[in-house]
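A.B. asks: give me the fold of what follows.
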Amino acid sequence: MVPPVSPHAPPPADPGFDARVAVALDELPPPTPARHLIKLTPGVPPDGRYDELAAVFRPVFARIAEGAAARDADRVLPFEQVGWLNKERFGALRVPVSDGGHGATLADTFRLLIELAEADSQVAHLLRSHVGFVESILAHGDAALRGRWFARFAAGQLVGNAYTERGGNALGTLNTVLEEHDGGWRLTGEKYYCTGTIFADWVAVAAARPGRPGRDIAVVSTQHSGVRIFDDWDGFGQQLTGTGSTSFAAVPVDTVLRPADLAAHPESAVFQLVLLAVQAGICRAVLGDARAAVQARTRSFSTGTGVPVADDPQVLQIVGEISASAFAVDAVVLAAVAELESVCGTGAGLSAAERYAVCELAANRAQTAIQPLVLAAASRLFDGLGASSTARACNLDRHWRNARTVATHNPAIYKARIVGDYEVNGNAPLPFDAVGDVVPPDHRHPRTPRTAKNTP
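C.D. replies: From the prediction side, this is the model:
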């Protein structure tokens, strides 16, 4: 029989334990400060190529971060900061090395976008259209066209966006039109939500061709006299993204991407995932500001625990919860990006419709999961810091304002329903060609009927 062990008896000796080298807990040196500058993205193994690219761009991101809060407070558009990125060819991340680019994978590109958004969410956001357009060119079948655009990207040229019309067009239709002229095309119309266009050399415009269904993407120079760009976006967040209006008066078209050209890659999913990368960066920035403020704070509340704020367990819990949210958001964004990268590569064996559905579902699931986490973290920040953190001079509310503004894009309330419809009924997402006004029921724009299950 084994004798009973007294609860007060010392633990049995460990044969590998040497009491002569034992150190009491109170004799341990203070903990080494965490190296917060190291970016370890959850769920993504270390990659030498990513580290190489990050070494190029992190000094630029650090410079951009220095004035981000002041630019937001004073509404100073980041022309200079965009120039710093162009000098290092950030817009050519995905362009093959042989064509003057960096040859980055989609995952590495989004990891860098998250870091840029952490430095300044507005600078990352204004590149949304450029990132999407680059993917369109990469998937294009015309080698000469790809080469022409690769050279432009490698030279630091950017592409803005003019897809949405402010009103007056029916849902799924466009009032902006392409007209033939001397063997080419001219573009006429007005657009709103033209993110990034004020900083760009080119702008991709969604337009209709009379007598043909669907939409084309016409690319024109922003320097033409028929292009007028207005910084008239008045939202309470993301005010520096150039998300204003643009008008086009018989502007010559450089490139036309037709519906068949755009079927090769999931444009709308890429656009949405850029916004989610922006959200991930905002969540990281919230964590960074929470950490710095708690470390620096000496005043505490009479109702508190009576210990320094940096040691207050309740405050530490708040910071820990924000950290967990940032970790989760990063992981979800990159999981969705990995889904896109896997199905858009060669050998995926999917049709264009199936590829579109898989990518839309990945982006929709990610959007549904991410936005509540980021908005909660941006609000929770103030619980750990108190009323003084709401001072205008701190401008900490910019994180919530910016996250809330990004969250209104492609409203998340519809995304969960689309995913649920697929999960329950097997109905894959179906696109409309354009945002617009809903016309009376008897005259609605026709949509593909769901006559059969359409599953990826």
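A.B. asks: count of neighbours near the closest residue to His399 other than its chain neighbours?
C.D. replies: In space, and not counting its chain neighbours, His399 is closest to Ala378: 4.4 Å by CB to CB, 6 or more residues apart in numbering. Backbone N, C-alpha and C define where each C-beta goes, glycine included. By the criterion of other CB atoms under 10 Å, Ala378 has 26 neighbours.
A.B. asks: please apply the same query to the one 4 residues further on.
C.D. replies: Neighbourhood size, Phe382 [other CB under 10 Å]: 18.
A.B. asks: can you give me every residue that contacts it?
C.D. replies: 389-390, 396 (CB atoms under 8 Å, 6 or more residues apart in numbering).
A.B. asks: Asp254: which of these is nearest?
C.D. replies: Asp254 lies nearest to Leu396 out of the contacts of Phe382, by CB to CB, at 43.0 Å.
A.B. asks: what is the burial count for the closest residue to the closest one other than its chain neighbours?
C.D. replies: Spatial nearest neighbour of Leu396, excluding adjacent residues (CB to CB, 6+ apart): Ser389 at 5.5 Å. For Ser389, the neighbour count with other CB under 10 Å is 17.
A.B. asks: who's in contact with Ser389?
C.D. replies: Contacts for Ser389 (CB under 8 Å, 6+ apart) come out as 293, 381-382, 396.
A.B. asks: neighbour-wise, which of the residues you listed leads?
C.D. replies: Top of the contacts of Ser389 by neighbour count (other CB under 10 Å): Leu381, with 23 neighbours.
A.B. asks: ok, it - contacts?
C.D. replies: 286, 289-290, 322, 389, 396, 399-400.
A.B. asks: from the residues you listed, which land in helices?
C.D. replies: Judged by DSSP state H, helices contain the following of the contacts of Leu381: 286, 289-290, 322, 399-400.
A.B. asks: about what we covered before: for the residue nearest to Leu396, report the pLDDT, please.
C.D. replies: Note on Ser389: pLDDT of 82.
A.B. asks: same check, this time on Arg417
C.D. replies: 93.
A.B. asks: quick check: His172 touching Ala434?
C.D. replies: Quick fix: residue 172 reads Gly, not His. Yes. Contact criterion CB atoms under 8 Å: Gly172 and Ala434 qualify, at 5.9 Å.
A.B. asks: returning to that earlier point: mind putting the contacts of Phe382 in a markdown table, distance to Val332 included?
C.D. replies: What follows is the contacts of Phe382, written out as a markdown table (distance: CB to CB, whole Å):
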| residue | distance to Val332 |
| --- | --- |
| Ser389 | 27 |
| Thr390 | 29 |
| Leu396 | 24 |
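A.B. asks: looking at the residues you listed, which is nearest Tyr163?
C.D. replies: Ranked by distance to Tyr163 (CB to CB), these are led by Leu396 at 32.5 Å.
A.B. asks: how far away from the center of its chain is the helix or strand bottoming out on mean pLDDT in the chain?
C.D. replies: Lowest on mean pLDDT, DSSP states H and E among the helices and strands of the chain sits helix 259-262, with a mean of 81. Offset of helix 259-262 from its chain centre (CA atoms, centre = their mean, to the nearest Å): 24 Å.
A.B. asks: what of stretch 353-372?
C.D. replies: Offset of stretch 353-372 from its chain centre (CA atoms, centre = their mean): 13 Å.
A.B. asks: then stretch 131-147?
C.D. replies: Counting by CA atoms, centre = their mean, stretch 131-147 comes out at 21 Å from the chain centroid.
A.B. asks: how about that stretch: buried residues?
C.D. replies: Neighbour-count burial for stretch 131-147, counted by 16 or more other CB atoms under 10 Å, picks out 131-140, 146.
A.B. asks: first-to-last residue distance for that stretch?
C.D. replies: Using CA to CA, to the nearest Å, one end of stretch 131-147 lies 17 Å from the other.
A.B. asks: cool, and stretch 384-397?
C.D. replies: Note: stretch 384-397 ends 14 Å apart using CA to CA.
A.B. asks: count the neighbours of Ala352 for me.
C.D. replies: 13.
A.B. asks: didn't it look like it was pressed against Asp261?
C.D. replies: No. Between Ala352 and Asp261 there is no contact under CB under 8 Å: 11.4 Å.
A.B. asks: domain map for the protein?
C.D. replies: Following automatic domain parsing, one finds the domains of the chain at 48-158, 177-259, 267-433.
A.B. asks: right, so of these, which gets closest to Glu165?
C.D. replies: Taking the domains of the chain one by one with CB to CB, domain 177-259 is closest: 6.0 Å.
A.B. asks: can you give me the end-to-end span of the closest one?
C.D. replies: End-to-end for domain 177-259, by CA to CA: 15 Å.
A.B. asks: likewise for stretch 202-212?
C.D. replies: In stretch 202-212, first residue to last residue: 25 Å (CA to CA).
A.B. asks: quick one: which helix or strand includes Ala204?
C.D. replies: Assigned by DSSP states H and E, Ala204 falls within strand 202-207.
A.B. asks: what sits up against that strand?
C.D. replies: Counting by CB under 8 Å, 6+ apart, 129, 133, 152, 157-164, 174, 176-178, 187, 189, 191, 194, 197, 215-222, 227, 246, 248, 254, 257, 433-434 sit against strand 202-207.
A.B. asks: how about it: buried residues?
C.D. replies: In strand 202-207, counting by 16+ other CB under 10 Å, buried: 202-207.
A.B. asks: now render the buried residues of stretch 131-147 as a markdown table, adding distance to Asp421.
C.D. replies: Shown next, in a markdown table, are these (distance: CB to CB, whole Å):
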| residue | distance to Asp421 |
| --- | --- |
| Val131 | 28 |
| Gly132 | 25 |
| Phe133 | 30 |
| Val134 | 31 |
| Glu135 | 26 |
| Ser136 | 27 |
| Ile137 | 32 |
| Leu138 | 31 |
| Ala139 | 27 |
| His140 | 32 |
| Arg146 | 36 |
